[in-house]
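Visitor: predicted coordinates and the sequence they were generated for:
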Amino acid sequence: MESRSSLSSLLSWALFIVALSGLATHSESAPQAFKRDPGHPHWHHSAFLDVRDSVRSDVRRTLHTRAEVPFQVPLEVNVVLIGLNGDGGYRYTVDAPKLEEFLRVSFPSHRPSCFETGEPLDIEHHVVYNAFPAGQPELIALEKALRTAMIPAGTARESDFGREVPLFEVDATAVEPTFQKLHSYIFDIDNGGYSSKENDRPVPTAIFIVNFDKVRMDPRSKEVDLDNMMYSKLTPLTDEDMKKQEGDYIYRYRYNGGGASQVWLSSGRFVVIDLSAGPCTFGKIETEEGSVSHRTLPRIKNMLFPSGFASVSSHTTHDNFMGHLAALVASTVEHVIAPDVRFETVDLTTRLLVPIIVLQNHNRYNIMEKGHNYSINIEAIEAEVRKLVHDDQEVLIIVGSHALHHHEKLAIAVSKAMRGHSLQETKNDGRFHVHTKTYLDGSILKEEMEHSADVLAAGLLEMADPSLSNKFYLRQHWTDESESSTDSVLKHKPLWATYNLKKGKDKKKNKPKKKGDLHPTYGTRVIPVFVLSLADVDPQLMMEDESLVWTSNDVVIVLEHQSPEIPLSYVSETKRRHAIPSQAQRHILAGLASALGGLSAPYEKASHIHERPVVNWLWAAGCHPFGPFSNTSQISQILRDVALRNTIYARVDSALRTIRDTSESVQSFAAQYLKTPLGEPVKGKKNKSTTELWVEKFYKKTTNLPEPFPHELVERLEKYLDSLEEQLVDLSSLLYDHRLQEAHLNSSDILQSTMFTQQYVDNVLTSERDKMRCCAIEFKYPVHSSQTFVYGGILLAGFVVYFLVIFFSSPPGR
């Protein structure tokens with residue numbers, strides 16, 4: 001009996017272990033969200049190999065023919081379709097290869113412009129599109145995260161005149177980590193603690209186009225088990241199910257309490273476009289430009305049932321929907337991924353000094369004190385600024401608070417900058433009421449501060465931190481030997497320094513040496529930030545364009561006062577947006593991002609037709625400090641990448657323009673001096689320029705005749721253009737691979753060598769132009785002498801000679 005009982009117990013334990021192993025095997029074999037299987041397709045990044053030849057051809061045309069061909073930079077855009085593979089709302093399917101081909105044909109390139117100059121840059125993006133769907137487990141995981149984050153927020157209308165349904169709001173920062181998991185899972189960028197600086201690998205940028213099943217993730221329904229749906233096959237929808245896909249509720253996103261939207265910019269390298277959210281309406285009151293309405297984004301319901309639920313639409317509607325999606329992707333590229341440049345600043349400095357100077361007309365509070373709602377977090381500002389500059393640039397932020405009445409001229413400048421304009425607004429009585437609104441004009445304030453001759457720019461910096469004078473200023477106690485100085489800053493010897501000019505042959509004059517004094521060191525850029533903390537002012541005082549910050553390429557001015565919320569002329573849904581003048585943190589960061597990184601607001605775009613920036617408020621929400629619909633003091637990783645690329649683009653743009661100017665100088669010299677002995681221009685093949693013909697005719701062979709310019713110039717220019725061609729092709733490859741630090745160093749070398757070459761060519765042409773002149777005019781002072789005695793002596797000598805000739809030539813008398 002004991003043996004039987006022990007045997008039965010062993011059998012029961014064996015069955016239990018087998019059951020556990022089966023469950024473990026089943027759980028391990030079951031698919032999970034954001035888990036890579038061995039057969040999972042990998043993201044490929046090799047499009048530059050396909051466009052390398054075209055990039056090289058365009059660069060050669062730019063350098064050798066003076067053709068205004070922009071510099072080609074491939075830009076990869078990844079479009080991830082979530083819930084558009086027959087597993088989302090309405091079980092709608094989008095053909096990813098067809099969308100990719102449509103994008104490639106319709107929007108093949110994009111050329112950004114500069115707000116400051118109004119001209120397009122010499123940079124053109126060759127856009128490479130990758131469109132692919134996300135898997136069902138990832139879709140269900142996102143729906144689960146969104147369902148958990150939904151918070152009831154009253155009711156809202158389905159459309160302009162639709163019925164009211166329950167409204168739920170979603171904090172985008174709560175679901176952003178789940179989207180970040182999807183981004184990491186698709187592109188495999190965080191396996192093994194991956195860091196883009198440690199591992200030299202490309203970093204992808206993605207556009208998530210989302211179509212959730214609202215019925216499946218209804219927060220009011222407790223019957224739906226999303227965990228089981230993640231692994232099971234979805235049931236097809238009937239006609240009645242299709243009509244109920246809207247779920248009888250609406251949900252919207254708010255990023256950190258900003259404006260309601262269904263499109264938002266994340267803190268990472270992706271944007272989210274949710275077609276099932278909303279619809280949302282926001283924009284500026286009584287202004288059509290850029291406003292977002294119920295029909296701004298395409299909705300699958302309107303596409304499938306354009307005339308109601310009576311019948312499903314034809315194939316033409318699917319093509320229209322595809323066109324809407326393509327236009328939406330192109331708008332994302334123009335506004336977010338590769339936007340226009342606010343300021344084009346060629347910055348070759350290695351240090352950045354940002355003095356934040358608070359000028360206040362009161363002693364009631366100090367925004368530099370920590371622990372208050374109005375306090376400024378200098379550490380957070382410095383951390384964000386460091387992300388906008390390259391690794392080899394040093395950043396130092398200093399702060400100082402000063403009483404405005406101690407600087408009389410600055411106080412006068414603030415008073416002069418006060419302006420007012422009349423407004424007509426309607427009240428509850430339905431009538432127009434006219435009132436005057438006061439604002440602070442930033443342009444006038446900057447000009448008045450520049451002419452104020454105040455010691456703020458130099459004196460206050462040394463007062464705030466005396467050690468700065470040793471770091472950013474160099475006091476030379478040795479004798480000044482600038483004539484033969486070998487400063488370590490000048491690491492490259494100019495090409496023109498080896499060309500002996502007439503001026504270089506002159507002997508140096510003996511000049512007395514003088515003692516050195518305080519000199520600024522090279523390589524330091526200063527961007528001051530003036531925060532005007534004012535009291536007893538108009539409660540609705542703002543700067544122009546209903547903003548609290550004004551920015552130029554070298555200064556940032558921020559307005560701060562303790563007035564309550566100021567109503568703006570911007571509306572989100574049915575409520576006005578308000579500005580909080582006591583919180584200056586976000587505005588300081590927005591100004592520094594524009595002045596330092598050339599960042600423009602994501603909702604702005606330069607328009608050559610209108611000759612001004614135009615707005616599209618669709619991109620006003622998200623992780624950025626710009627505009628009335630934003631409420632965060634951080635900058636998205638996408639915009640940080642844009643800021644780093646802007647500094648590179650500014651250098652390349654300046655270098656290409658310098659090359660064209662240099663080529664134009666050589667061409668004008670050739671047109672003036674390179675002619676045949678009969679004065680006619682050189683003739684030859686039509687597809688070659690005059691300079692190329694003369695190079696072939698005279699410089700391919702050595703001659704003893706006088707030359708317009710030496711062989712050395714032609715050889716150096718040819719070698720320089722060939723090396724520059726290789727550098728530009730490599731730079732395009734580096735930008736495509738997102739190796740921004742190497743591209744930053746490459747662009748610096750390109751700009752410096754271009755500047756040296758231009759100086760060398762100018763000096764050579766100036767010298768040779770002097771040699772080619774046919775005659776020279778010399779100016780001499782007249783010699784003062786007694787002209788009368790000279791003429792008298794000549795006349796007397798003539799008479800004597802005449803009489804002597806007559807006397808000896810006459811015959812003797814008989």
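Guide: Yep, that arrived.
Visitor: next, F168: phi, psi?
Guide: Recorded main-chain torsions at F168 are phi -120, psi 140, according to degrees, to the nearest 10.
Visitor: so who does it touch?
Guide: Contacts here follow Cβ atoms under 8 Å, 6 or more residues apart in numbering; on that basis F168 touches M150, I151, P152, A153, P219, Y249, I250, Y251, R252. Heads up, the C-betas are built off the backbone N, CA and C, glycines and all.
Visitor: identify those among those that sit within strands.
Guide: With DSSP state E as the criterion, strands contain M150, I151, P152, A153, I250, Y251, R252 from among those.
Visitor: neighbour-wise, which one of these leads?
Guide: Y251 (28 neighbours; other Cβ atoms under 10 Å).
Visitor: F321 against K301, yeah?
Guide: No - between F321 and K301 no contact is recorded; they are 11.2 Å apart, counting by Cβ atoms under 8 Å.
Visitor: out of the ones in strands among the contacts of F168, who's nearest E565?
Guide: If you rank those by distance to E565 using Cβ to Cβ, A153 comes first, at 19.8 Å.
Visitor: let me know whether the closest one touches L167 as I believe.
Guide: Yes - with the criterion set as Cβ under 8 Å, A153 and L167 qualify as a contacting pair; they are 4.8 Å apart.
Visitor: which neighbours do these two share?
Guide: In contact with both A153 and L167: no residue, using Cβ under 8 Å, 6+ apart.
Visitor: can I get the ones in strands among the contacts of F168 in CSV including pLDDT and distance to S443?
Guide: Output for these, formatted as CSV (pLDDT from 0 to 100; distance: Cβ to Cβ, whole Å):
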residue, pLDDT, distance to S443
M150, 95, 46
I151, 95, 43
P152, 94, 47
A153, 92, 41
I250, 94, 43
Y251, 96, 43
R252, 95, 37
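Visitor: measure V215 to Y736 for me?
Guide: Distance check for V215 against Y736: by Cβ to Cβ, to the nearest Å, it reads 43 Å.
Visitor: I misspoke; the intended subject was D248.
Guide: Between D248 and Y736 the computed distance is 47 Å (Cβ to Cβ).
Visitor: same question, L275
Guide: L275 is 30 Å from Y736, by Cβ to Cβ.
Visitor: higher neighbour count, these two?
Guide: Neighbours around L275 and Y736, counted as other Cβ under 10 Å, are more numerous at L275. The numbers are 27 against 24.
Visitor: tell me the contacts of the closest residue to the more buried one other than its chain neighbours?
Guide: By the measure of Cβ to Cβ, 6 or more residues apart in numbering, the closest residue to L275 outside its immediate chain neighbours is N211, 5.1 Å from it. For N211, the contacting residues are I82, G83, L84, G88, G89, Y90, Y92, L275, S276, I300, by Cβ under 8 Å, 6+ apart.
Visitor: D391 should be in a helix, yeah?
Guide: No - under the criterion used here (DSSP: H, G, I helix; E, B strand; the rest coil), D391 is coil, not part of a helix.
Visitor: and the pLDDT for the residue lying closest to it once chain neighbours are set aside?
Guide: Closest residue to D391 apart from its sequence neighbours, by Cβ to Cβ, 6+ apart: Q741 at 5.6 Å. With respect to pLDDT, Q741 scores 88.
Visitor: check which helix or strand Q741 maps to.
Guide: Following DSSP states H and E, the helix or strand that holds Q741 is helix 740-771.
Visitor: number of nearby residues for V77?
Guide: 23.
Visitor: what angle separates the helix or strand hosting it from helix 740-771?
Guide: Under DSSP H and E, the secondary-structure element containing V77 is strand 71-82. Here the directions of strand 71-82 and helix 740-771 differ by 160 degrees (axes from the mean of the first three to the mean of the last three Cα atoms, to 10 degrees).
Visitor: re the thing from before, how about TSV for the contacts of N211, with secondary structure added?
Guide: Written out in TSV, the entries for those read as follows (three-state DSSP):
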residue	secondary structure
I82	strand
G83	coil
L84	coil
G88	coil
G89	helix
Y90	helix
Y92	coil
L275	coil
S276	coil
I300	helix
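Visitor: quick one: which of those residues is nearest to A260?
Guide: Taking Cβ to Cβ as the measure, A260 sits nearest to S276 out of these, at 14.9 Å.
Visitor: tell me the contacts of the closest one?
Guide: Under the contact definition (Cβ under 8 Å, 6+ apart), the residues listed for S276 are G83, G88, G89, V210, N211, F212, D213, K214, I300.
Visitor: can I get the contacts of N211 in CSV including distance to D392?
Guide: What follows is the contacts of N211, written out as CSV (distance: Cβ to Cβ, whole Å):
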residue, distance to D392
I82, 39
G83, 44
L84, 43
G88, 46
G89, 49
Y90, 52
Y92, 49
L275, 43
S276, 45
I300, 49
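Visitor: between the residues you listed, which is nearest K416?
Guide: Comparing these against K416 with Cβ to Cβ places L275 closest, at 51.1 Å.
Visitor: was I right to think the closest one contacts K301?
Guide: No - taking contact to mean Cβ under 8 Å, the distance of 9.8 Å between L275 and K301 leaves them out of contact.
Visitor: assumed R147 was part of a helix.
Guide: Yes - note on R147: a helix contains this position according to three-state DSSP.
Visitor: that one is in contact with M217, isn't it?
Guide: Yes - if you go by Cβ under 8 Å, R147 and M217 touch, sitting 4.3 Å apart.
Visitor: the more surrounded of the two?
Guide: Relative neighbour count places M217 above the other of R147 and M217, with 23 against 20, counting by other Cβ under 10 Å.
Visitor: quick one: contacts for that one?
Guide: Contacts here follow Cβ under 8 Å, 6+ apart; on that basis M217 touches E143, K144, L146, R147, V224, L226.
Visitor: check the residues you listed and tell me the two furthest apart.
Guide: L146 and V224 (13.1 Å).
Visitor: I'd guessed N746 sits against S733; true?
Guide: No - in terms of Cβ under 8 Å, N746 does not count as a neighbour of S733; the distance is 9.9 Å.
Visitor: neighbour count winner among L146 and V224?
Guide: Per other Cβ under 10 Å, whichever of L146 and V224 has more neighbours is L146, with 25 against 14.
Visitor: enumerate every residue touching that one.
Guide: Contacts for L146 were tallied using Cβ under 8 Å, 6+ apart; they are V170, V175, F212, M217, Y251.
Visitor: which of the three states applies to the third one?
Guide: Just to be clear, that refers to F212. Under the three-state scheme (three-state DSSP), F212 adopts coil.
Visitor: tally of neighbours for it?
Guide: In terms of burial, F212 registers 23 neighbours under the definition other Cβ under 10 Å.
Visitor: ok, so what distance separates it from A145?
Guide: Counting by Cβ to Cβ, the separation of F212 from A145 is 11 Å.
Visitor: the fourth one now?
Guide: With the distance defined as Cβ to Cβ, M217 ends up 9 Å from A145.
Visitor: and for P279?
Guide: As for P279, its distance to A145 is 22 Å (criterion: Cβ to Cβ).
Visitor: just checking, S733 touches F48?
Guide: Yes - with contact defined as Cβ under 8 Å, S733 and F48 form a contacting pair (5.5 Å).
Visitor: mind listing what R252 touches?
Guide: Applying Cβ under 8 Å, 6+ apart, we find R252 in contact with A156, L167, F168, E169, V170, A260, S261, Q262, A277, G278, C280.
Visitor: sorry, back to before: what lines up beside the strand holding V77 in the sheet?
Guide: Strand 71-82 has the following strand partners under DSSP bridges: strand 123-133 (parallel), strand 206-210 (parallel).
Visitor: what mean pLDDT does that strand have?
Guide: Per-residue confidence for strand 71-82 averages out to 93 on the pLDDT scale.
Visitor: and that strand, C-alpha only, in PDB?
Guide: Backbone C-alpha positions of strand 71-82 (Å, rounded to 0.1, in the frame of the first residue of the first chain) are rendered in PDB as follows:
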ATOM      1  CA  PHE A  71      23.800  71.200 -52.100                       C
ATOM      2  CA  GLN A  72      22.000  67.900 -52.000                       C
ATOM      3  CA  VAL A  73      21.500  66.300 -48.600                       C
ATOM      4  CA  PRO A  74      19.500  63.000 -48.400                       C
ATOM      5  CA  LEU A  75      17.000  63.000 -45.600                       C
ATOM      6  CA  GLU A  76      15.300  59.800 -44.500                       C
ATOM      7  CA  VAL A  77      11.700  60.000 -43.300                       C
ATOM      8  CA  ASN A  78      10.100  56.900 -41.800                       C
ATOM      9  CA  VAL A  79       6.300  56.600 -41.800                       C
ATOM     10  CA  VAL A  80       5.000  54.000 -39.400                       C
ATOM     11  CA  LEU A  81       1.300  53.000 -40.000                       C
ATOM     12  CA  ILE A  82      -0.300  51.900 -36.800                       C
END
